[in-house]
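In: Have a look at this prediction, sequence included:
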Amino acid sequence: MKAESNLKGVVAACVTPVTKTYDIDTDRLKAHMETVLDAGCAYVSEFGTTGEGASFSTRQKADALKAIAGSGMDMKRHIPGVVSSSLDEAASMFRAIAEVDARAALVIPPFYYAPSSPEAVADFYDAMITRAGAPDTEIILYNFPHFSGVTFDETLVQIVLDRLGERVIGIKDSTGDLDAGLKLIRRFPQLSVFTGDDRILPEMVAAGGAGMIGGMTNPFPADTVRLYTGPVTEDFRRQAASRIEAVDAFGGLTVLKAMVAEQRKEAAFKTAVPPLKVASEETMKAVYKRIDETLKE
């Protein structure tokens, strides 16, 4: 394992601003990344679920990564996502991540055909690495069964570790299941175990978790960092919970994009690639109303 593999902190899963023709707006993406890093996030992760990774081609994402790296950003603070059901596309993206010397790759299992066995999940990761030319880029497993249909429980994580060894340095658990997250922390102390849920972040960190990779960092980066570093009051935690619950209730990703667009006063952040639909003004009013009502309870 690389000497710097003790990976921890708040990782901003960044939304992706897009042009009117649904291409990646690289300049605005870079500016947004700089904003969340300046607010205290340790790393950024582009083109994962929050970054609409499944909506862009590998070519689009690879070109954006090269442009970002060429602009002078420190790619050791980047953990790009690999979101593909195609082995060749996944390998091409993994190779692109290696070419810009990013810190690691956040890789979700293929999400169309169900794996025939737990070993088949390991087969996918192994084949992806081989097809990419076996670069030494490290991997964070992405546990998001809502999209992938694959749950990284203790057994599956061990199977993948047995195959890939120390190349796997962490796991992002987006289930929001505290008990499951704590089990991963206890079973795999050598891994950086991240949650994707603000609401359980303090408990995960207290138990030895690495931190968070999540979307609420987009509109509220400093508050998310505070949840990680502590100390926080119950009122502060309740406010953070009210936000994520309202966002999830009214569209998730598109609501986050609308929040960032409003904060930055840039419509490019609000636009989403079809089939996702831009959050309406009525939706955003309902989001903020829900947050206010929750805090008054």
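Out: Done, it's in.

In: which ones are touching the spatially most central residue of the chain?
Out: Central residue of the chain (Cα atoms, centre = their mean): Ala13, 4.1 Å from the mean position. Residues near Ala13 by Cβ atoms under 8 Å, 6 or more residues apart in numbering: 45, 48-51, 196, 213-215, 217-218. In short, each C-beta sits where N, CA and C put it, glycine included.

In: and it, what are its phi and psi?
Out: Dihedral pair for Ala13: phi -80, psi 90, per degrees, to the nearest 10.

In: List of residues touching stretch 150-168?
Out: Residues from elsewhere that reach stretch 150-168 (Cβ under 8 Å, 6+ apart): 1, 5, 109, 111, 115, 118-119, 121-122, 125-126, 129, 136, 138-141, 143, 145, 171, 173, 175, 180, 183-184, 187-188, 191.

In: Check the burial of Arg226 by counting its neighbours.
Out: Other residues within reach of Arg226, judged by other Cβ atoms under 10 Å, total 16.

In: swap in Tyr22?
Out: Neighbour count for Tyr22, taken as other Cβ under 10 Å: 14.

In: what separates it from Cys41, distance-wise?
Out: Tyr22 sits 27 Å away from Cys41, going by Cβ to Cβ, to the nearest Å.

In: okay if I get the contacts of Ala13 as JSON lines plus pLDDT, neighbour count and distance to Arg243?
Out: Shown next, in JSON lines, are the contacts of Ala13 (pLDDT from 0 to 100; neighbours: other Cβ atoms under 10 Å; distance: Cβ to Cβ, whole Å):
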{"residue": "Ser45", "pLDDT": "98", "neighbour count": "32", "distance to Arg243": "20"}
{"residue": "Gly48", "pLDDT": "96", "neighbour count": "29", "distance to Arg243": "20"}
{"residue": "Thr49", "pLDDT": "95", "neighbour count": "25", "distance to Arg243": "18"}
{"residue": "Thr50", "pLDDT": "96", "neighbour count": "25", "distance to Arg243": "15"}
{"residue": "Gly51", "pLDDT": "97", "neighbour count": "25", "distance to Arg243": "19"}
{"residue": "Gly196", "pLDDT": "95", "neighbour count": "25", "distance to Arg243": "14"}
{"residue": "Ile213", "pLDDT": "98", "neighbour count": "32", "distance to Arg243": "17"}
{"residue": "Gly214", "pLDDT": "96", "neighbour count": "25", "distance to Arg243": "12"}
{"residue": "Gly215", "pLDDT": "96", "neighbour count": "29", "distance to Arg243": "11"}
{"residue": "Thr217", "pLDDT": "97", "neighbour count": "28", "distance to Arg243": "12"}
{"residue": "Asn218", "pLDDT": "97", "neighbour count": "25", "distance to Arg243": "11"}
